[in-house]
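In: predicted structure and sequence below. I'll ask about it afterward.
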Amino acid sequence: MTSITPNKMADNDMSFRQRAVIEFLVKEEIPAAEIHQRLQRAYGSVCMGASSVQRWVKHFKDGNTSIQDEPQSGCP
């Protein structure tokens, strides 16, 4: 059985919030690099990395609407 710590819940919530912001800014046609800069200013040290922002920008530009992270395959 896996337990979720308060820190892990906070990380998940912060990532969820950032994905929602990315979705909105993609609709505003803001480039990925600028989205990342804005996230850095807003979230500081808990901002997701530039490659993650690029992945999510592509996700939304490809027409996907889910802001839920997909389950990852492989070992936990």
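Out: Yep, it's here.

In: buried set for stretch 20-30?
Out: Buried residues in stretch 20-30, counted by 16 or more other Cβ atoms under 10 Å: 21-23, 25-26. From N, CA and C alone the C-beta is placed, and that goes for glycine too.

In: using JSON lines, please lay out those together with secondary structure, distance to residue 49 and pLDDT.
Out: Shown next, in JSON lines, are the buried residues of stretch 20-30 (DSSP: H, G, I helix; E, B strand; the rest coil; distance: Cβ to Cβ, whole Å; pLDDT from 0 to 100):
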{"residue": "21", "secondary structure": "helix", "distance to residue 49": "15", "pLDDT": "98"}
{"residue": "22", "secondary structure": "helix", "distance to residue 49": "12", "pLDDT": "98"}
{"residue": "23", "secondary structure": "helix", "distance to residue 49": "18", "pLDDT": "97"}
{"residue": "25", "secondary structure": "helix", "distance to residue 49": "16", "pLDDT": "98"}
{"residue": "26", "secondary structure": "helix", "distance to residue 49": "17", "pLDDT": "98"}
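
In: of those, which is the nearest to residue 65?
Out: Comparing these against residue 65 with Cβ to Cβ places residue 23 closest, at 7.7 Å.

In: tell me the contacts of the closest one?
Out: 56, 60, 65, 67 (Cβ atoms under 8 Å, 6 or more residues apart in numbering).
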